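Build me a model:
(one chain, ligands or ions: 2)
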Amino acid sequence: MSFKITIIKDKLLSENWFVLRNYTYEITDRRGEPIRHKREVYDRGNGATILLYNREKNSVVLTRQFRIATYVNGNEGGMLIEACAGLLDDDSPEDCIRKEAIEETGYAVGEVEKLYACYMSPGGVTELIHFFAAEYHESLRKNAGGGVDDEAIEVLELRFPDALAMVADGRICDGKTVMLLQHALIAGWLTP
Ligand SMILES: Nc1nc2c(ncn2[C@@H]2O[C@H](COP(=O)(O)OP(=O)(O)O[C@H]3O[C@H](CO)[C@@H](O)[C@H](O)[C@@H]3O)[C@@H](O)[C@H]2O)c(=O)[nH]1
Ligand SMILES: [Mg+2]
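Ligands and ions are numbered 1, 2, ... in the order given. Alright, predicted model coming up:
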């Protein structure tokens, strides 16, 4: 079932780095009556993320970096363990994630496996994240990783059972990262 949507007003609230707008719109309800909503929408562009895994070592490569949004919302110290990820800018999701993998982790992955694309915070953020996975090996390592400009990204290689234990006890608490680790478990790529 689809509802008729009419955008009445699109008010720009901020465009300092990303874009925050307030939309006024009408949507028809189940009885066909139009109802008017006002909703703030934050547009940060779309992103891509990748799980780097190694079957022989039963391990994954993740990153750790400071995330101010988590710091101001209860994450003491603000450091977050995440799968490698980046904003698409003008790249395709595949091109973006290959670049990010080299910049953030130092691994030049070849073929990447596309998994799915998900809205991560649909109540108010436009962002669609494209999920990928690829095997990493020492032979693919091109540099130490760490990110570009002022990104201070630490590269972590974790045994898969340790990574799962960190999900269970909350040391890994980033949505895309939990999804990817659980995908590796369900797909049988790695052993718990
Ligand atoms: N000056 C400035 N720089 C910013 C601002 N916001 C982001 N940046 C910079 O923009 C760059 C973005 O780095 P990416 O690696 O492309 O993106 P990301 O921040 O890792 O985001 C990825 O993970 C997010 C969290 O899961 C995802 O939301 C996002 O889609 C993407 O996948 C970083 O250098 C960051 O410091 C800002 O408000 N001001
Ligand atoms: Mg990043």
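
what helices or strands is the helix or strand where Gln65 lies leaning on?
Secondary structure from DSSP states H and E places Gln65 in strand 59-66. Under the contact definition 3 or more C-beta pairs under 8 Å, 6 or more residues apart in numbering; DSSP states H and E, strand 59-66 sits against strand 47-54, strand 79-82, strand 84-87, strand 154-159, helix 160-168, helix 175-187. The C-beta positions use only the backbone N, C-alpha and C, and glycine is treated the same way.

Show me the shaky parts of this structure.
For the chain, residues meeting the criterion pLDDT under 70 lie at 1.

Give me the domain ranges for this protein.
Split into domains by the TED database, the chain comes to 5-43, 47-187.

any chance of those in a markdown table, plus mean neighbour count?
Listed next are these as a markdown table, based on neighbours: other C-beta atoms under 10 Å:
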| stretch | mean neighbour count |
| --- | --- |
| domain 5-43 | 12 |
| domain 47-187 | 17 |
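
Relative to Leu158, how far out is whichever residue of the chain sits closest to ligand 1?
Taking C-beta to the nearest ligand atom as the measure, the chain has Gly47 as its residue closest to ligand 1, at 2.1 Å. To Leu158, Gly47 is 22 Å away according to C-beta to C-beta, to the nearest Å.

just Asp90 next, same as before
For Asp90, the distance to Leu158 - C-beta to C-beta - is 32 Å.

go on, Thr49?
16 Å.

isn't the residue of the chain closest to ligand 1 right up against Cys84?
No - if you go by C-beta atoms under 8 Å, Gly47 and Cys84 don't touch, sitting 11.0 Å apart.

hang on, the earlier thing: list the contacts of the residue of the chain closest to ligand 1.
Taking C-beta atoms under 8 Å, 6 or more residues apart in numbering, we find Gly47 in contact with Ala85, Gly86, Leu87, Leu88, Cys96, Glu127, Leu128, Ile129, His130.

so who does the fifth one touch?
This points to Cys96. Gly47, Ala48, Gly86, Leu87, Leu88, Asp89, His130.

Could you provide the contacts of Gly47 in TSV, with additional columns for distance to Gln182?
Converted to TSV, the contacts of Gly47 look like this (distance: C-beta to C-beta, whole Å):
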residue	distance to Gln182
Ala85	16
Gly86	21
Leu87	24
Leu88	24
Cys96	23
Glu127	20
Leu128	20
Ile129	15
His130	17
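
Ligand 2 next: which of those are close?
Ala85, Gly86 (C-beta under 5 Å from the ion).

Closest to Glu154 out of the contacts of Gly47?
Relative to Glu154, the closest of those is Ala85; by C-beta to C-beta it sits at 14.5 Å.

how near is the residue nearest to Met166 when sequence neighbours are not counted to Asp149?
Sequence neighbours aside, Ile172 is the residue nearest to Met166 in space, at 4.3 Å (criterion: C-beta to C-beta, 6 or more residues apart in numbering). As defined by C-beta to C-beta, Ile172 lies at a distance of 25 Å from Asp149.
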